[in-house]
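1. sequence? don't have it. structure:
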């Protein structure tokens, strides 16, 4: 018999990327824009709202938007999609555009199809590498 009753231990534990003060969103956005000057206001806010402090891990050492890889539209980049695939187990474009974000509201059909095709290629490459 396993002792499973540990009480409400998650009550005071931050979610990944949530390790900041409840009123700290503005400071995080300002910090991202200071350190990554190519980020517009919408882009920086979206990243902070979606990933909190983990936004910096997605952006890494990027010095410009091109450093983040392919732009799928609506500020969704290859670097972010790779993060979603490896850290949040996003499998396809529907996962990224509707389950993990609502960017499906901002991308057109062709952009969503390009994302799906790119992700499918990534899955094939990952499967080959695992063999």
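-> Looks like it arrived, so ask away. Bear in mind the structure is a predicted one, so any value in this text is a computation, not a measurement.

2. domain parsing for this structure?
-> Here the domain parsing of the chain from the TED database is 21-64, 69-130.

3. Compare the mean pLDDT across the ones you listed and name the weakest.
-> Sorting the domains of the chain by mean pLDDT places domain 21-64 lowest, at a mean of 91.

4. and that domain, how far from the chain's centre?
-> 11 Å (Cα atoms, centre = their mean, to the nearest Å).

5. One more: stretch 101-111?
-> Relative to the centre of its chain, stretch 101-111 is centred 15 Å away, using Cα atoms, centre = their mean.

6. mind listing what the residue sitting nearest the centre point of the chain touches?
-> Note on the chain: the residue nearest the mean C-alpha position is residue 80, at 4.5 Å, using Cα atoms, centre = their mean. If you count contacts by Cβ atoms under 8 Å, 6 or more residues apart in numbering, residue 80 has them with 47, 58, 68. No exception for glycine: its C-beta is placed from N, CA and C like everyone else's.

7. show me where this protein has helices.
-> 25-35, 41-51, 55-59, 78-87, 93-94, 109-130 (DSSP state H).

8. Is it possible to get TSV of those that adds distance to residue 101?
-> Putting the helices of the chain into TSV (distance: least, Cβ to Cβ, whole Å) gives the following:
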stretch	distance to residue 101
helix 25-35	17
helix 41-51	6
helix 55-59	13
helix 78-87	8
helix 93-94	11
helix 109-130	11
